[in-house]
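1. Need a 3D model of the sequence below.
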Amino acid sequence: MTEVVIYTDGACLGNPGPGGWAAILSSGRHTKEIVGSEPHSTNQRMELTAALRALQALKRPCRVRLHSDSAYLINAFRQGWLDKWRKNGWRTANGSPVENQDLWKALLDVAEKHSVTWIKVAGHADSELNNRCDSLARQAAKEAKGG
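-> Here you go, the predicted structure:
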């Protein structure tokens with residue numbers, strides 16, 4: 001299996017507001033940056049979208065180390081939130097509908113095709129690739145806003 005290192009980040013100008021997402025995929029000597037935006041989104045949706053688009057960009061099953069500063073994203077996978085939500089019919093422990101179900105379901109579907117290790121990194125710290133993703137996502141959000 002090919003090994004791929006992915007860094008992702010999402011940003012919003014206002015929450016909700018214009019949003020941007022970015023991912024950096026690295027395998028061997030190859031690196032690819034992917035970026036996108038939405039005119040109206042939330043920070044959490046952009047974080048999830050970044051991870052989703054990164055995994056969708058892989059052409060075959062891979063061993064992935066996905067880094068994100070989003071506790072929401074990482075904890076959902078590492079702490080079993082997604083399994084509990086599925087068992088509860090996509091409801092939280094208090095019975096309310098899980099937010100962003102469309103993205104969670106798509107993420108689960110694509111993640112199952114790979115062997116993914118979910119890694120939490122500190123945001124706006126000393127991670128060069130996380131900082132690069134942050135910059136790309138913020139720029140995409142600015143462009144979505146029209147500036």
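
2. okay, Val110: pLDDT?
-> On the pLDDT scale, Val110 is placed at 97.

3. How about Ala111: what's its closest non-neighbour residue?
-> Leu55 (6.1 Å; Cβ to Cβ, 6 or more residues apart in numbering). In this view, the C-beta of every residue, glycine as well, is placed from N, C-alpha and C.

4. ok, the one you found to Pro18 distance?
-> 24 Å (Cβ to Cβ, to the nearest Å).

5. Tell me which of those two has more neighbours.
-> Relative neighbour count places Leu55 above the other of Leu55 and Pro18, with 25 against 22, counting by other Cβ atoms under 10 Å.

6. Name the helix or strand for the more buried one, please.
-> helix 43-56 (DSSP states H and E).

7. Show me what that helix is packed against.
-> On a contact count with 3 or more Cβ pairs under 8 Å, 6 or more residues apart in numbering; DSSP states H and E, helix 43-56 meets strand 2-12, strand 17-27, strand 30-41, strand 62-68, helix 71-78, helix 101-111, helix 128-145.
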